[in-house]
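how would this look folded up:
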Amino acid sequence: MTTWLLTSTFYGQGLPGNPRGSVTNVRDHRRDDPESPVRIEHAQPGDDYEDAMPGLEWAAAEQLKGPPISVDLAQDEALLDQFQETARCRGWELRAVSIMYNHIHLVVTAPADVGKAQLLRDFKSYGARRLNERFGRQPSDTWWSDGGSCRVVRGLPGAIYYVCHRQPKPLVVWSSERGRFPPEESDPRNVFQE
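Numbers count the residues shown, from 1 in each chain. As a prediction, the model looks like this:
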């Protein structure tokens, strides 16, 4: 069995070049990069975020097929239900979920032969189906940005803590140990208070 931390943004969120920084397919040569006749792509886990690039963000926004998607509490609740159903039907163990207005994090354990692409694809496709059924299709014809991050979890308690207690303004927080709990309890300042 392998445990994964999955991350994905909703459509139009976290565009390359945005002021918060982004990990994107920008190719450049940084001072600490090895010498190379070609520019190096900085889009791997652990790479530094790219600095704000207003022109790149504008160009990415111009290519959107619809407005950026920000989900609300009702949509988040539908997603949580669908994520749980997807994991149950696939025989995967969903460990933790945090859903914010602009992105999601999941911790899931699956058989070693289940690839990261299948995990992200299944959660996103069944999640989109549920959202389409309940809330209608989006002008962009998708709820999700392309791709996402899938990282093997080395320390399960740390990954669950990160998902449940280190996210900015979550709308829905759930763990297999606690079930769903109020987002205000996810604030790390409240973890050790009595």
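
only C-alpha atoms for contact and neighbour calcs from this point on.
Will do.

now the strands: where do they sit in the chain?
Using DSSP state E, the strands found in the chain span residues 2-9, 27-28, 40-41, 93-99, 103-110, 149-152, 172-175, 179-181.

deepest of these, which one?
Of all those, strand 93-99 carries the top mean neighbour count, a mean of 25, counting by mean count of other Cα atoms under 10 Å.

sorry, back to before: which of the strands of the chain sits closest to residue 62?
Nearest of these to residue 62, taken as Cα to Cα: strand 2-9 at 18.0 Å.

and the closest one, which strands flank it?
Sheet pairing for strand 2-9, assigned by DSSP bridges, gives strand 103-110 (antiparallel), strand 149-152 (antiparallel).

For it, give the mean pLDDT please.
Strand 2-9 shows a mean pLDDT of 93.

can you check stretch 115-130 too?
On average, stretch 115-130 scores 94.

ok, and what's touching it?
Around stretch 115-130, the neighbours that count as contacts under Cα atoms under 8 Å, 6 or more residues apart in numbering are 4, 6, 78, 79, 82, 83, 86, 142, 143, 144, 148, 150.

Just the buried residues of that stretch, please?
Across stretch 115-130, burial judged by 16 or more other Cα atoms under 10 Å covers 116, 119, 120, 122, 123, 124, 126, 127, 128, 129, 130.

in stretch 66-78, what's buried?
68, 69, 70, 71, 75, 76, 78.

I'd like to know how far the closest residue to residue 105 other than its chain neighbours sits from residue 184.
Computed as Cα to Cα, 6 or more residues apart in numbering, the closest residue to residue 105 that is not its neighbour in sequence is residue 7, at 4.6 Å. Remark: distance between residue 7 and residue 184 (Cα to Cα, to the nearest Å) = 21 Å.
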